[in-house]
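1. Show me the folded form of this:
(one chain, ligands or ions: 1)
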Amino acid sequence: MNSAPQQPDDRLDQALAAILAARKYRKIHPGLARDIAAAELAKGRTLKEAVKAAKNQLHQGAAAYLRRNLDYDDALTRLKSSVPAASQGPDSDPSVDPSLRTLLRRFMGAHASTYERLPILDTLYQQLFQQLSPVRSVLDIACGLHPLARPWMPLSPDVPYLAYDIYSDQIDFLNRFFDAMGYAGAAQQRNVLDGMSTPPADVAFLLKTLPCLEQIESGAGERLLHQIEAPILIVSFPNQTLAGRKQGMAQHYTANFLSQIKKAGWQADSLSYTSELLYIVQKN
Ligand SMILES: C[S@@+](CC[C@H](N)C(=O)[O-])C[C@H]1O[C@@H](n2cnc3c(N)ncnc32)[C@H](O)[C@@H]1O
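-> Below is the predicted model:
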């Protein structure tokens, strides 16, 4: 007896199940994995080919940046045991404590983007925030572990900081980090390509993120720049490959970005570092 031909939805469900079954992707946003698998199947690929291509895209856009596994429970235990001593200072704010900062540096080393930023933590946020009016709310789009750099940002603990990324375990860790540090902040598992609006904020970080999103959906970067309701966008581009081999990559990415800024009639100032080229975009 011949079995009935598989319906398109069955194939998509199977592709999604195969992606989420991989240890590397089990915590990833299922909606994003589904969208990518659907696009691959729509190209006429077999189920096996579509799963392979979708995993490859998820690797390039996200998993490749995870340098090593961070044991989130262990990291939280260490953080929580450091916070009381770190909060002994005059403002009871643990942010300035050197040993706590050393711990956070170690955690940030687990993600390539924050790892590359470690040498400039002490200068980057000073130079950046001195160019901004007082910041009362922050969005961090496709944040990775960047919210762990919040102690280096001249922000009061009660400034709301909303961060999005696609790994549920990383998001849970960031929420527990905000809580342990006494910061007003929330992290949410979200596919920022979903077209949904984000709450308004004074400043939105899009650090080293546009090339990843463009790889998944061409044109997504420009759409997001317009969609985010923040008068100031802090957009950066990596200046080296993940392996650190090729320097000067930022120029390659920025040509398109700068023409989009010009077309929109926005202003952009830049801050240049060895690892990263950063733009402060004023939308109005
Ligand atoms: C190059 S890393 C940059 C991380 C962080 N912004 C930083 O610079 O430290 C790109 C990040 O985008 C996230 N990402 C990729 N696709 C995404 C999507 N569709 N929605 C939200 N985050 C996404 C990845 O998980 C990864 O953390």
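
2. and residue 33, how many residues sit next to it?
-> 24 (other C-beta atoms under 10 Å). Where C-beta positions appear, they are placed from N, C-alpha and C, glycine not excepted.

3. Following element in sequence after the helix or strand containing it, please.
-> Assigned by DSSP states H and E, residue 33 belongs to helix 30-42. Proceeding N to C from helix 30-42, the next assigned helix or strand is helix 47-61, under DSSP H and E.

4. who touches the residue in the stretch 151-284 of the chain that the ligand sits nearest to in this structure?
-> Nearest to the ligand, among the residues of the stretch 151-284 of the chain, is residue 207, at 3.3 Å (C-beta to the nearest ligand atom). Counting by C-beta atoms under 8 Å, 6 or more residues apart in numbering, residue 207 makes contact with 113, 140, 146, 234, 235, 236, 276, 278.

5. one more time with 6 Å
-> 146, 236 (C-beta atoms under 6 Å, 6 or more residues apart in numbering).

6. Quick check: it vs residue 70, distance?
-> Between residue 207 and residue 70 the computed distance is 19 Å (C-beta to C-beta, to the nearest Å).

7. So what sits opposite the residue of the stretch 151-284 of the chain closest to the ligand in the bridge?
-> On the basis of DSSP bridges, residue 207 is bridged to residue 236.

8. Ok, residue 232 next?
-> With DSSP bridges as the criterion, residue 232 is bridged to residue 203, residue 282.

9. Averaged pLDDT, stretch 175-184. What do you get?
-> Mean pLDDT, computed over stretch 175-184, is 97.

10. And for stretch 153-164?
-> Stretch 153-164 comes out with an average pLDDT of 97.

11. Give me the residue ranges of the stretch 1-150 of the chain where confidence is low.
-> 1-8 (pLDDT under 70).

12. residues of the helix holding residue 33 that come out buried?
-> 30, 32, 33, 34, 35, 36, 37, 38, 39, 40, 41 (16 or more other C-beta atoms under 10 Å).

13. The third one touches residue 19, doesn't it?
-> Meaning residue 33. Yes. In this structure, residue 33 is within contact of residue 19 by C-beta atoms under 6 Å, at 4.8 Å.

14. so which helix or strand takes in residue 14?
-> helix 8-21.

15. Could you list the buried residues of that helix?
-> Those would be 11, 12, 14, 15, 16, 18, 19, for helix 8-21 by 16+ other C-beta under 10 Å.
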